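> Show me how the following folds:
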Amino acid sequence: QVQLVESGGGPVQAGDSLRLSCVFWGRTFSMYVMGWFRQAPGKERELVAAITPGSSTHISDAVKGRFTLSRDNAKNTVYLQMDSLEPEDTAVYYCAAQHMGTSSYDYWGQGTQVTVSS
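Numbers count the residues shown, from 1 in each chain. Reported below is the predicted structural model:
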């Protein structure tokens, strides 16, 4: 069973930076695509960024140029570096894992709150 544990959220001011971390437990990390999603109050959950085991990344247009995604396969950890944060980035951020042999994210973390004030 895969477990994902996020950390790094919190309250910040517009323009600040945060780095979210997600530690992966229980399976072979290098076999999973890792994604970060977010859900703001009253809105649907959206994919923010994803990274393959070989570190190819997809970044959503909403955060492109401000957020970067990386992974350390030796530490079973994926990082979301968030710079130039905006109030619109306020949301609960979730880490998720998708096995390379499947087409959906099957494992989710508990979420970490990011609140950006203007």
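
> Next one, pLDDT for the residue nearest to the spatial centre of the chain please.
Most central in the chain under C-alpha atoms, centre = their mean is W36, positioned 2.6 Å from the mean C-alpha point. W36 is assigned a pLDDT of 98 by the prediction.

> A strand includes it, no?
Yes - judged by DSSP: H, G, I helix; E, B strand; the rest coil, W36 forms part of a strand.

> Would you check that it makes contact with L18?
No - contact between W36 and L18 fails when scored by C-beta atoms under 8 Å: they sit 12.0 Å apart. For glycine as for every other residue, the C-beta is placed from the backbone atoms N, C-alpha and C.

> Can you get me the start-to-end distance on stretch 99-106?
8 Å (C-alpha to C-alpha, to the nearest Å).

> no no, stretch 77-92
End-to-end distance (C-alpha to C-alpha), stretch 77-92: 19 Å.

> buried set for it?
Buried residues in stretch 77-92, defined by neighbour count with 16 or more other C-beta atoms under 10 Å: T77, V78, Y79, L80, M82, L85, D89, T90, A91, V92.

> Go through those residues and say which is closest to Y32.
Lowest distance from Y32 to the buried residues of stretch 77-92 (C-beta to C-beta) belongs to V78, with 9.3 Å.

> For the closest one, which three-state class applies?
strand.

> Go ahead and confirm it touches R19.
No - in this structure, V78 is not within contact of R19 by C-beta under 8 Å, at 11.0 Å.

> The host helix or strand of Y94 packs against which elements?
Here Y94, judged by DSSP states H and E, is contained in strand 91-99. Counting contacts by 3 or more C-beta pairs under 8 Å, 6 or more residues apart in numbering; DSSP states H and E, strand 91-99 packs against strand 3-7, strand 18-25, strand 32-39, strand 107-108, strand 112-117.

> Run through who's touching the second one.
Residues outside strand 18-25 that contact it (C-beta atoms under 8 Å, 6 or more residues apart in numbering): 2-10, 12, 32, 34, 36, 75-82, 85, 93, 95, 97, 109, 112, 114.

> ok, for Y79, nearest residue in space, not its chain neighbours?
Nearest non-adjacent residue to Y79, counting by C-beta to C-beta, 6 or more residues apart in numbering: S70, 5.0 Å away.
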